[in-house]
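Fold the following for me, if possible:
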Amino acid sequence: RIRYFIGGMCLCSITFSTLYVSILYNQEISKSNTDLIVNAVIIHFVMEMDERVFSALAASNEKWTAHAAEPEDSSSDADAEKGSTIEEIKREIESQQEELKLQQEQMTRQNDEITVLSKAVQTMQESQAVHHPNPFLNVLLKKV
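Model (predicted):
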């Protein structure tokens, strides 16, 4: 139980430190609301990718740990069990592949959403640059 507690505390500390650093980063880097939105979308995307990678690793690691914990038996019953275990593993792999396909489709949709948001932010930045009274700042904003 202490391992779970320590692991949970480490996970919480990583999460809170990420939140703290994200807030500091956005306060220092963001010069306008559009910069803040872009940075928030990027951070959200990175965190989503991290969760997807973690869930994929957890799904594959579960089988590795469960299979490694089983004792080996040399009897004929063990051979029959191995055959049924192989079939169970195949079914589990197929279900994991389906789950990964669904996650991939969801990531593709999220990527499309990020592209749309990025284009909207670019449009907002361009409209701000066009309506800005200082021509020198217009040139700078167009370069960004």
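
Just give me the residue closest to the centre of the chain.
With the centre of the chain defined as its mean C-alpha position, the nearest residue by Cα atoms, centre = their mean is residue 49, 1.8 Å away.

which SSE is it in?
Following DSSP states H and E, one finds residue 49 within helix 33-69.

which parts of that helix are buried?
With burial defined by 16 or more other Cβ atoms under 10 Å, the residues of helix 33-69 counted as buried are 34, 37-38, 43, 45, 52. Every C-beta, even on glycine, is put in place using the N, C-alpha and C of the backbone.

Pick the one among these closest to residue 93.
Using Cβ to Cβ, residue 52 is the member of the buried residues of helix 33-69 that sits closest to residue 93, with 18.4 Å.

isn't the closest one right next to residue 107, touching?
Yes. Assessed by Cβ atoms under 8 Å, residue 52 is found in contact with residue 107 at 6.4 Å.

Quick one: residues contacting residue 52.
Residues in contact with residue 52 (Cβ atoms under 8 Å, 6 or more residues apart in numbering) are 103, 107.
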